[in-house]
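Show me how the following folds:
(one chain, ligands or ions: 1)
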Amino acid sequence: MDIHRLDQTLAALPWIKYRFFSETTSTNDDVLEWLQEGCSEYSLVIADSQSKGRGRSQRRWITRAGSALAFSLALFPVEKEIERLALFSPLGALSVCQALEKCYALPAQIKWPNDVLVDRKKVCGILSEAWWHADLLGGLVMGIGVNVSRGAVSGKDLMQFPAISIEEVAGNPVDRVELLVAILTTLYHWRPLIGSAQFFDYWRDHLAFRDERVTVHVNEKESASGFLRGVAQDGSLEIELGSGRLASFLIGDVHLRSGDESC
Ligand code: BTN
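Next comes the predicted model:
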């Protein structure tokens, strides 16, 4: 990444304070540490590569130098947002989705709750982690990983879920600094709208696998299949079961699988 350009470009976003590492363990860990030292909202850590990048459900997230965007942000949800903490990862997904639409005219979609897909393949994953002091929320770390070039997606990743890079779907080279700024600006725009009608309209309009048959896995033994109908006000996933009953599944409780995915 061109550090000089990164510096100049981020100077246009005065609400951002950032640290860049050419290599780190995990940018989420870096921001968790920074939160404990005392940092301001929208403190950002960007890394060119991560040796211990983390994904959801204790999965590894591989970030190879020069091929991806890997960054984490410190956020301090206010009281009314704390009631909607589960909507923060979808907020990240909405922002990435809209940035991809705007910058590259890509038909991006959101796989509930917070993966971003293009052509039904994953281009971005989000891991949000809350830092609690006893019962008080000390801050939230939102970590975003985007597959920018082909090198970001290995055969091993492809076996876990269908994945692709932005350059492969856009057909052109992608400037990582430009993409980063587009995501940050979009996120800054959506943040006050979290949980609003506009937020849910955008989410529902960009929901992947809508009206398709999907399976939700509650754990290794329990699952339910049905038609994906939408998302509820608390962010839960609505599935129409065989009986015609609409069942809701809370964020964090289940894993969604489309017909495309192996388990
Ligand atoms: C997932 O899809 O499972 C979530 C992946 C999140 C990866 C990002 S990359 C930046 C940040 N640092 C990490 O260690 N993880 C997140």
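
What residues does the residue of the chain found nearest the ligand make contact with?
The ligand sits closest to residue 125 of the chain, with a gap of 2.1 Å, by Cβ to the nearest ligand atom. Just so you know, the C-beta spots here come from the backbone N, C-alpha and C atoms, and that holds for glycine as well. Neighbouring residues of residue 125 by Cβ atoms under 8 Å, 6 or more residues apart in numbering: 55, 56, 61, 114, 115, 116, 144, 145.

go on, residue 36?
131, 138.

Where does it sit, in terms of helix or strand?
Secondary structure from DSSP states H and E places residue 36 in helix 27-37.

for residue 179, same thing?
Per DSSP H and E: helix 176-190 holds residue 179.

touching the ligand at all, that helix?
No - judged by Cβ under 6 Å from any ligand atom, helix 176-190 and the ligand are separated, with a smallest distance of 11.7 Å.

Now do that helix, average pLDDT.
For helix 176-190, mean pLDDT rounds to 97.

which helices and strands does that helix pack with?
Packing partners of helix 176-190 (3 or more Cβ pairs under 8 Å, 6 or more residues apart in numbering; DSSP states H and E): helix 3-10, strand 68-75, helix 88-104, strand 136-147.

which residues sit against the very next helix or strand once past it?
Scanning forward in sequence from helix 176-190 by DSSP H and E, the next helix or strand is helix 197-205. Helix 197-205 is contacted from outside by 87, 90, 91, 94, 98, 110, 190, 193, 210, 230, 231, 233, using Cβ under 8 Å, 6+ apart.

Give the phi and psi angles for residue 56, as a check.
Here is the backbone geometry of residue 56 (degrees, to the nearest 10): phi -70, psi 160.
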